[in-house]
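Asker: dropping a prediction and its sequence here:
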There are 2 protein chains.
Amino acid sequence: MSTVGKAVSLLELFTLHEPDIGLSDLARRAGLDKATVRRLLMALSEHRLIEQEPRSRRYRLGAGLSRLARIRDAHFPFVRLAAPVIRELSLETGETVHLSEFSAGALLTLHVELSAKANRVNVDVGQVLPLHGTASGIAFLAASRLEAVSAYLEKPLPAFTSFTMTQPDDLVKAIALAASRGYSRSAQGYEEGVHSIGAAILGADGQPVGTLAVASPVSRIDDAVAGSQGEAAVKAARMISARLTGEA
Amino acid sequence: MSTVGKAVSLLELFTLHEPDIGLSDLARRAGLDKATVRRLLMALSEHRLIEQEPRSRRYRLGAGLSRLARIRDAHFPFVRLAAPVIRELSLETGETVHLSEFSAGALLTLHVELSAKANRVNVDVGQVLPLHGTASGIAFLAASRLEAVSAYLEKPLPAFTSFTMTQPDDLVKAIALAASRGYSRSAQGYEEGVHSIGAAILGADGQPVGTLAVASPVSRIDDAVAGSQGEAAVKAARMISARLTGEA
DNA sequence: AATGTCGGTTCAAATAGTGAACCGACTTGG
DNA sequence: CCAAGTCGGTTCACTATTTGAACCGACATT
């Protein structure tokens, strides 16, 4: 792996739940030597991508990232463009709809529009969704290049509920089905009682950049409802894709 | 320079005004070989810190940055904590107040609270302020380590108006004055007709992370007004610093 | 048709990265 | 209260990664 790749993978060790990490811990998790990690951290902190809290001596993500992200967001306003479409989809279906962006092997929830109903699915912004076991993930895989899919299938597929697909073969079938009809469907694969319909959002290069998903209590869903949600989700995802690529 | 440093300096070539850049251009501006730049870009894009627009083949900042920035902002909510204080300072002084964060040798405007008055100073979010010639910059330098100040003084100081301090000696005096009274004062150093009072905001390590500044039309300012604005600005900056370090 | 630029590739030479061993300072636990 | 383990950080001989001049084909300009 390139030195740059190692440095960036250090950044990726920081999460919402663990915003600061010590040197030895970083080295262990990154699978690198402590001396190497420290040198990389120094290089990163010179550019403010990493900061060190002087009291605890622990490291955290730096201000430079906020700055770079603002520059990007000004010209690739994923959330800003998608939010109104997500909102309309939520109103149309009467269900919770969430938007996620792919990053580092998983989907990160960026925006949520909650259902107005009392019995609804709640999703948190910042939540990380696995590619298998969620409708969003399957929709994403169905839109990905074959090599990305097979790379993902190499790794073990942890179970989140008793319904989670953990067999690669089952997943391949689900991906094929999602690819053929444009949207994915998943029931209780990640959380019990939750049914989801997912659709991929494509970037300018035709590669998927994220997904949206309609999440409902399983009790409210039958095949007819799922079908109409699927069509609406696909339409919404296409609309966002078009806006992203400047076609609308 | 380390390889990582080179890679990050590539990221820093992208700005609000120039969000995508071609390969040769990047190499030229970074002072690196084209082959080197390309390899670095590939490493960065593997982690989604860089994307390539497939039509134009130009490069731009990637989605991974937005994700990392969100993780950081969740735990270092500079703007979120500062905004209410900035607003109160604006109401108290009746003038435009803006908040900036240091990054890559300059101050980036993150948040602005405009004066309610008809004759007011307008500042844009995203605007980049030089360290010399703005009250914010002088306040920042006054709170910085001596070595950082001397490093800044090495470089030439461009003039923005006929009032801009371009002599290092003058700047040193202004910094000393600001350090002694806690706030800086600058008239028309960056834009004609604008008077500003700046104060530094310190991070957990005691180093300045950014500044706030009260900006008024010169016509409304005399020494008494400047003094009271200065005191209010210092108080507000200290409040934000305390919130940042979790002391309030 | 000629010239210049673009993005991208190659490979021998050179430079930058690496990691085991070692600090001193703290914490933990018997 | 000492021994063992951890922490962040440093050193330096060894080595693997990075580097860049030269070279593509494609496109634009003249």
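Answerer: Looks like it arrived, so ask away. If you're wondering where the values come from, they're calculated on a predicted model, not measured in any experiment. Residues are numbered from 1 along each chain as shown, chains lettered A, B, ... in the order given.
Asker: and the closest residue to A:V149 other than its chain neighbours, how many neighbours?
Answerer: In this structure, A:V149 finds its nearest non-sequential neighbour in A:L141, 5.3 Å apart by Cβ to Cβ, 6 or more residues apart in numbering or on different chains. No exception for glycine: its C-beta is placed from N, CA and C like everyone else's. Using other Cβ atoms under 10 Å in any protein chain shown, A:L141 is surrounded by 24 other residues.
Asker: quick check: A:V123 touching A:T109?
Answerer: Yes. If you go by Cβ atoms under 8 Å, A:V123 and A:T109 touch, sitting 6.1 Å apart.
Asker: any shared contact partners between those two?
Answerer: Taking Cβ atoms under 8 Å, 6 or more residues apart in numbering or on different chains as the contact rule, A:V123 and A:T109 both touch A:H98.
Asker: now do the phi/psi pair for the nearest residue to A:E113 once chain neighbours are set aside.
Answerer: The spatial neighbour of A:E113 that comes closest, neighbours along the chain excluded (Cβ to Cβ, 6+ apart), is A:S90 at 3.9 Å. When read as degrees, to the nearest 10, the backbone of A:S90 gives phi -70, psi -40.
Asker: distance of A:S90 from chain B?
Answerer: 22 Å (Cβ to the nearest Cβ, to the nearest Å).
Asker: same check on A:A199?
Answerer: A:A199 is 18 Å from chain B, by Cβ to the nearest Cβ.
Asker: ok, A:L81 - contacts?
Answerer: The contact partners of A:L81, by Cβ under 8 Å, 6+ apart, come to A:I240, A:R243, A:L244.
Asker: closest one to A:V37 out of these, please.
Answerer: Distance to A:V37, by Cβ to Cβ, is smallest for A:L244 among the contacts of A:L81, at 36.0 Å.
Asker: that closest one against A:I201, yeah?
Answerer: Yes. Using Cβ under 8 Å, A:L244 is in contact with A:I201, at 7.2 Å.
Asker: overlap in contacts, the two.
Answerer: By Cβ under 8 Å, 6+ apart, the residues touching both A:L244 and A:I201 are A:V209.
Asker: pLDDT weak spots in chain A?
Answerer: A:104, A:246-248 (pLDDT under 70).
Asker: buried stuff in the helix or strand harbouring the residue nearest to A:V149?
Answerer: Remark: A:L141 resides in helix A:135-143, with elements defined by DSSP states H and E. Within helix A:135-143, the residues that qualify as buried are A:A135, A:S136, A:G137, A:I138, A:A139, A:F140, A:L141, A:A142, A:A143, counting by 16 or more other Cβ atoms under 10 Å in any protein chain shown.
Asker: that helix: what's the following helix or strand?
Answerer: helix A:146-154.
Asker: report the secondary structure state of the residue nearest the centre of chain A.
Answerer: Residue closest to the average C-alpha location in chain A (Cα atoms, centre = their mean): A:L107, at 1.2 Å. At A:L107 the chain is in strand, as set by DSSP: H, G, I helix; E, B strand; the rest coil.
Asker: re the thing from before, can you tell me which of the buried residues of helix A:135-143 is nearest DNA strand D?
Answerer: A:A143 (27.3 Å; Cβ to the nearest atom of the strand).
Asker: if we can go back for a sec, A:L244 and A:I201: who's more crowded?
Answerer: Between A:L244 and A:I201, counted using other Cβ under 10 Å, the more crowded position is A:I201 (29 against 20).
Asker: quick one on the thing from earlier: how near is the residue nearest to A:V149 to chain B?
Answerer: Taking Cβ to the nearest Cβ, one finds A:L141 at 17 Å from chain B.
Asker: with A:V172 instead?
Answerer: Distance, A:V172 to chain B, by Cβ to the nearest Cβ: 25 Å.
Asker: between the contacts of A:L81, which is nearest B:A7?
Answerer: A:L244 (26.0 Å).
Asker: residue contacts, that closest one?
Answerer: Going by Cβ under 8 Å, 6+ apart, A:L244 touches A:F76, A:F78, A:L81, A:I201, A:L202, A:G203, A:A204, A:V209.
Asker: how many residues are close by the second one?
Answerer: Under the neighbour criterion other Cβ under 10 Å, A:F78 is assigned a count of 22.
Asker: now the farthest one out in chain A, which residue is it?
Answerer: Of all residues in chain A (Cα atoms, centre = their mean), A:R55 lies farthest out, 33.7 Å.
Asker: and that one, what does it touch?
Answerer: Going by Cβ under 8 Å, 6+ apart, the list of residues near A:R55 reads B:A204.
Asker: if I look at it, how far off is B:A242?
Answerer: A:R55 sits 15 Å away from B:A242, going by Cβ to Cβ, to the nearest Å.
Asker: would you map the strands across chain A?
Answerer: A:20-21, A:50-52, A:59-61, A:96-103, A:106-113, A:128-129, A:184-187, A:194-202, A:208-217 (DSSP state E).
Asker: for those strands, which one sits closest to A:A27?
Answerer: strand A:20-21 (9.9 Å).
Asker: helices or strands next to that closest one in the packing?
Answerer: Packed against strand A:20-21 by the contact rule (3 or more Cβ pairs under 8 Å, 6 or more residues apart in numbering or on different chains; DSSP states H and E) you find strand A:59-61.
Asker: hmm, who's touching the strand it packs on?
Answerer: Counting by Cβ under 8 Å, 6+ apart, A:11, A:14, A:19-23, A:26, A:41, A:45, A:49-53, B:68-69, B:71-72, B:75-76 sit against strand A:59-61.
Asker: might you report the residue contacts of A:I221?
Answerer: A:A187, A:H195.
Asker: what about 6 Å?
Answerer: A:H195 (Cβ atoms under 6 Å, 6 or more residues apart in numbering or on different chains).
Asker: returning to that earlier point: roughly how far does the residue nearest to A:E113 sit from A:V123?
Answerer: Relative to A:V123, and taking Cβ to Cβ, A:S90 is found at 11 Å.
Asker: swap in A:R58?
Answerer: In terms of Cβ to Cβ, A:R58 sits 30 Å off from A:V123.
Asker: settle it for me: which of these two has more neighbours?
Answerer: A:V123 (23 against 16).
Asker: wait, isn't the more buried one in contact with A:V112?
Answerer: Yes. Counting by Cβ atoms under 6 Å, A:V112 is a contact partner of A:V123 at 4.9 Å.
Asker: show me the common contact partners of those two, please.
Answerer: A:H98.
Asker: now the residue in chain A that chain B sits nearest to: closest residue in space, sequence neighbours ignored.
Answerer: In chain A, the residue that lies nearest chain B is A:A69 (3.3 Å; Cβ to the nearest Cβ). Of all residues beyond its chain neighbours, the one nearest A:A69 is B:A69 (3.3 Å), with distances taken as Cβ to Cβ, 6+ apart.
Asker: can you check A:Y183 too?
Answerer: The nearest residue in space to A:Y183 (Cβ to Cβ, 6+ apart) is A:G230, at 4.0 Å.
Asker: can you report how many residues lie near the one you found?
Answerer: There are 21 residues near A:G230, going by other Cβ under 10 Å.
Asker: now do the same contact list for the residue lying closest to A:L40 once chain neighbours are set aside.
Answerer: Distances taken as Cβ to Cβ, 6+ apart put A:A7 closest to A:L40, at 4.5 Å, once the chain neighbours are dropped. Residues in contact with A:A7, defined by Cβ under 6 Å, 6+ apart, are A:L40, A:L44, B:V4.
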